[in-house]
Structures are given as structure tokens and as C-alpha cells.
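Enquirer: Starting from these lines, generate the structure:
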Amino acid sequence: MSVMVVRKKVTRKWEKLPGRNTFCCDGRVMMARQKGIFYLTLFLILGTCTLFFAFECRYLAVQLSPAIPVFAAVLFLFSMATLLRTSFSDPGVIPRALPDEAAFIEMEIEATNGAVPQGQRPPPRIKNFQINNQIVKLKYCYTCKIFRPPRASHCSICDNCVERFDHHCPWVGNCVGKRNYRYFYLFILSLSLLTIYVFAFNIVYVALKVLICFFTLWSVVGLTGFHTFLVALNQTTNEDIKGSWTGKNRVQNPYSHGNIVKNCCEVLCGPLPPSVLDRRGILPLEESGSRPPSTQEASTSLLPQGPAPIDHLSNEMPEDTSTPEEMPPPEPPEPPQEVTEAEK
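Expert: Numbers count the residues shown, from 1 in each chain. Sure thing, here's the model as predicted:
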């Protein structure tokens, strides 16, 4: 015979706690209901650090030191850890009085103050408490039905009394009190160091880029200005270096129109001649007896068309283009004759 075990649903205390807090992870995470600005805080920190790691850190790690992104990562992780600890922890909420406790406190107050005549305002509900020879007044909370401890206060946003209440911080989405103040301070301290760190190395990154752009600016702008001068004169760099049309020769540039606008139009807007290189041409077969154009022929085709040049060697004798007559073959030499003794 099997026995069925019926598990009764357990109700946690956080499910019945009054106030305006939200709980997650079975009561382990406690936050205020207004969490919009907290999400904005996460977005700003994550977005800024992501951009810093994606762009500046990659450049600075190569140019300066690989320790730059490592130290930034440590500050980032520590800031995020302290932020989450501040936001998700109990700031020191004081539980409200139970109905029996609230009734007992009310009876004590009435017994102490006595009967109040009708039409008169009751005296404030205050208890005096001595701390280090100083009298501290403990105020009564009409919402929580308790006398608040020293330095405690009631948060109107979370609707809870918080021990050693500092303030309600919407940026962390929680009250800052006795139990999470140290994490809040470590968060703002680490975030300040991270902000200064990112700001300083952004300045270094920009300074390096500005330095590179500064030298690039002078070199490129100077080169552009020099070639603007050459275009205005319809002159080439080679001619300027050699001083072909200036300097000692004092020869006027024959290619210049004497007008800056015409020179610029010719150099920059004039028609481009076709290429004589014929890079994609097909070479003929060797049996055809043809050959590709030589460099001399290509250079000749680039010369301006004009009248035929005057032959300065007209006084020389023209070459004999006639076909020479056939010459008889040479006669073989005669053999040497022997000399006789009588001839001697």
C-alpha cells in the first residue's frame, strides 16, 4: 500500500512583507519598484566600457602597453560587482510591528501622555535615548508602528523604515542604508576611478591621433599646394626640379598658355589620349613576319602632327640604291716558276 505524501506550499516571509519592494530569486534579490533609472545606469556603464574596449583599448594596447585594458577590466568588473551588491541587497529595512506589538506600544504612549482633552493636539510621540552622553530623540513611525532606532528614517518611495538611512538612490534602484552603504561607497569610488581612467586614456588616444594627423596634414597639404602651383604653370615636377623653364636658362615654358585658368583646364579637364601600350592586344604569329610596334614607333606616334622636318643633310651624297652589277669571279694565282741555273 503506497503512501502519498502531500507537500504543503511554503509561504516565505518576503511574500507577505509590506512596502513597495520587489523580490526575485526566492527573496534573495530585493529592489525598489522603480527600476527604470537602474537599467539606464547599467546601459551607460556597459555601453561606455564596451566602446572603450572595442576601439581605444585595442589601439592603446598595441601602441603603449597591454596592461591598459587589463587594469580597465579590473575596474569595470569591480564596479559592476559593487553596483549589483548595492542594488540587490537589503539596505537595513526594519520590520513593522505586529498587531499585538502595535497595540502594546499604543497603550504605553497613552499611559505616558495621559488623556488628551478634546480639541487639543496630542503631544509628539518621542522617546529620549542617551548615546555617548548625548540625548537622542527616537521618533515614532505612524506607518510602521514603531519607535525608529537612532539615525533610522522612513523611505517614502519604498515605504519602509531603514536603519541608518542615508538616501534613496534611483541610480542603483534601492535605498542606501546600514547594510549596503559600504558597497555603495565602493561602487561610486571604483566608478570614479574607471571614469577618470577612461577619460585620461581617451585623451591619450585622441592626442596620438591628432599627432599623426598633424604630420599627415602638413605633408599632404604641402604636396597639394606644390602640385597646384605646377598645374597653374602647366609644368611637371621633373621640369621644376631640373629648372627647365626657370633659373639660369630663363627660357619661357612653351607649354604654358600664360593663363592660370587655361593651364588648369588643359591639365585637369583636357581630353586624355588613348593608350598606345595596347596591354590586351594579341601578338601575331612569328611566321606572319609581323612584329609588335617598337618603342621608337610608339614614341613617334605620340609626337604632335605637323609639317615634315627639314632635312639638314641635303648636301650629302644620296645613297646608291641601284642594284650592283655582277662581278666576275677572281682568277686563281699563278704557281711560282722555277729558276734554272742558267738564269742565275
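Enquirer: can we go C-alpha only for contacts and neighbour counts from here?
Expert: Fine.
Enquirer: shaky segments in the stretch 151-300 of the chain?
Expert: Scanning the stretch 151-300 of the chain with the threshold set as pLDDT under 70 gives 247-250, 286-300.
Enquirer: in it, which spans are helices?
Expert: Along the stretch 151-300 of the chain, counting by DSSP state H, counting those that start in this stretch, helices occupy 181-233, 237-242, 260-269, 295-302.
Enquirer: so Lys137, which of the three states?
Expert: Look at Lys137: counting by DSSP: H, G, I helix; E, B strand; the rest coil, its state is strand.
Enquirer: Burial check on it, number of neighbours?
Expert: Each residue near Lys137 was counted by other C-alpha atoms under 10 Å, and the total is 17.
Enquirer: same question, Thr216
Expert: Neighbour tally, Thr216, other C-alpha under 10 Å: 12.
Enquirer: Can you tell me how far it is from Gly222?
Expert: Counting by C-alpha to C-alpha, to the nearest Å, the gap from Thr216 to Gly222 is 10 Å.
Enquirer: before we move on, what about Ala232?
Expert: 15 Å.
Enquirer: With Tyr197 instead?
Expert: The gap separating Tyr197 from Gly222 is 37 Å, by C-alpha to C-alpha.
Enquirer: got it, and Phe78?
Expert: Plainly put, Phe78 is 50 Å away from Gly222 if you go by C-alpha to C-alpha.
Enquirer: With neighbour numbers in mind, choose between the two.
Expert: Set Phe78 next to Gly222 and count neighbours by other C-alpha under 10 Å: Phe78 wins out with 16 against 12.
Enquirer: Surely that one is in contact with Ile188?
Expert: No: applying C-alpha atoms under 8 Å as the test, Phe78 and Ile188 come out as separate, 10.7 Å apart.
Enquirer: so what are the domain limits for the chain?
Expert: The chain breaks down into these structural domains: 14-91+179-206, 93-114+123-170, 237-269 (assignment by automatic domain parsing).
Enquirer: now for these, which one comes closest to Leu277?
Expert: Closest of the domains of the chain to Leu277 is domain 237-269, at 21.3 Å (criterion: C-alpha to C-alpha).
Enquirer: Thr236: how many residues sit nearby?
Expert: Thr236 has 13 neighbours, counted by other C-alpha under 10 Å.
Enquirer: Give me the neighbour count for Tyr181.
Expert: Number of residues near Tyr181 (other C-alpha under 10 Å) recorded here: 19.
Enquirer: any idea how far it is from His168?
Expert: Separation of Tyr181 from His168 (C-alpha to C-alpha): 11 Å.
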